[in-house]
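> Fold the following.
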Amino acid sequence: MIEAQGLTKRYGAKTAVDGIAFVVQPGKVTGFLGPNGAGKSTTMRMIVGLDAPTSGRVTVGGSDYRGKPAPLREVGVLLEAKAVHTGRTARNHLRALAATHGIPASRVDEVIGLAGLEAVASKRVGGFSLGMGQRLGIAAALLGDPQVVILDEPVNGLDPEGVRWMRLLMRRLAAEGRTVLLSSHLMSEMSQTADHLIVLGRGRVLADAPVDEVIARAPGSSVRVRAPDLPRLAAVLGRLDVTLTPLEDGAVQISGTVRERIGEAAAAAGVVLHELTTVMGSLEDAYLDLTHDEVEYRAEMEEVVR
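Here you go, the predicted structure:
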């Protein structure tokens, strides 16, 4: 588990991270999202002890990362895939890391196979493509068989097969009960991989919720409901801070919550439902809506006329 409490980082007059608090739970893939300059990289660097907080605290497994005697065995990290000795082969790079933590050489061969690096394991890293460099970085993160995995843009440079491999790997690690924190700008991929999302904007937490709940906030996301007693249903749902819009066919469109909460509220009140259907927006729509006023670097958009 990763836990941040009042985590703040200032660089002179600039506040990069502003008193944030969150918990990354084991058994889930948690997506870490935010525009450029939102504070994601700074937060991840503080988690693994590369930057010291100005105030507040972040712990991994209940203690500071810097105090762990063999961090590779507890926390696997990929923040910069290019941070390797380019004159070494992939195998020798991993062997050097293993030697510093008492990890057997047999584990090096395991992660080489896991990352699909067998064909290039004896080649120097300086000649690797971006995608192969990413695979090596992921292999290094998993070398110690850690319970916590933190990856920054892990699919960067991967081909479609590699992206699918990464998605399945992350979900498998979470299914094994590990804590997985995954940063990415690819909304379509995050929607397929993550169970939970933490969204930052200008150093503050904008959302900390399951993926479905975040998508439910997207413009266009709603729940279509049909019930024989709509006035009674409206009275029940009035407690959920939702918006009800009557539809021409007699159903109602409900925005501001998810299907499960509507069903649970109706069941608790004994209200019969004849239809309960989610009409989904997209994670990209939800993300852009959340971060619209939090983008620090915004390009001017010009209409293209064809």
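> so what's V149 closest to, chain neighbours aside?
Once flanking residues are discounted, V149 sits nearest to G76: 4.6 Å by Cβ to Cβ, 6 or more residues apart in numbering. For glycine as for every other residue, the C-beta is placed from the backbone atoms N, C-alpha and C.
> what do you get for G281?
Nearest residue to G281, sequence neighbours excluded (Cβ to Cβ, 6+ apart): A218, at 3.2 Å.
> and A235, how many neighbours?
Counted with other Cβ atoms under 10 Å, residues neighbouring A235 total 12.
> Helix or strand: which one has it?
Assessed by DSSP states H and E, A235 sits inside helix 230-237.
> From the contact counts, what lies against that helix?
The contact analysis (3 or more Cβ pairs under 8 Å, 6 or more residues apart in numbering; DSSP states H and E) places helix 230-237 against strand 252-255, helix 259-269.
> May I see the buried residues of the last one?
Translated: helix 259-269. R259, R261, I262, A265, A266 (16 or more other Cβ atoms under 10 Å).
> Compute the number of surrounding residues for R107.
Around R107 there are 17 other residues, counting by other Cβ under 10 Å.
> can I assume it is in contact with A140?
No: with contact defined as Cβ atoms under 8 Å, R107 does not count as touching A140 (11.4 Å).
> for this protein, what helix or strand is lowest in average pLDDT?
Within the chain, no helix or strand scores below helix 211-216, which has a mean of 87 by mean pLDDT, DSSP states H and E.
> Switch the helices and strands packed on helix 230-237 over to a markdown table; also include mean pLDDT.
Formatted as a markdown table, the helices and strands packed on helix 230-237 follow (pLDDT from 0 to 100):
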| stretch | mean pLDDT |
| --- | --- |
| strand 252-255 | 90 |
| helix 259-269 | 93 |
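> residues touching the residue nearest to G281, list them.
By Cβ atoms under 8 Å, 6 or more residues apart in numbering, the residues touching A218 are G281, S282, L283, D285, A286, D289.
> now do 10 Å
Contacts for A218 were tallied using Cβ atoms under 10 Å, 6 or more residues apart in numbering; they are S255, M280, G281, S282, L283, E284, D285, A286, Y287, L288, D289, L290.
> Now the last one: which helix or strand?
What that stands for is L290. Short version, using DSSP H and E: L290 is in helix 283-291.
> If you count contacts, what does the helix or strand containing S188 end up packed against?
Using DSSP H and E, S188 sits in helix 187-193. Other elements packing on helix 187-193 under the criterion 3 or more Cβ pairs under 10 Å, 6 or more residues apart in numbering; DSSP states H and E are strand 28-33, helix 160-175, strand 179-183, helix 211-216, helix 283-291.
> how deep is the closest residue in space to L79 that isn't next to it in sequence tucked in, by neighbour count?
The shortest distance from L79 to any non-neighbouring residue, by Cβ to Cβ, 6+ apart, is to D152 (4.9 Å). Using other Cβ under 10 Å, D152 has 20 other residues around it.
> D152 bridge partners, please.
S183 (DSSP bridges).
> that older thread, going by neighbour count, which residues in the helix holding S188 are buried?
For helix 187-193, a neighbour-count test (16+ other Cβ under 10 Å) marks M187, E189, M190, S191, T193 as buried.
> what's the average pLDDT for it?
Average pLDDT, helix 187-193: 91.
> Okay, domains of this structure per the record?
2-211, 222-279 (automatic domain parsing).
> Can you say which of those is nearest to E294?
Nearest to E294, of all the domains of the chain, is domain 2-211, at 2.8 Å by Cβ to Cβ.
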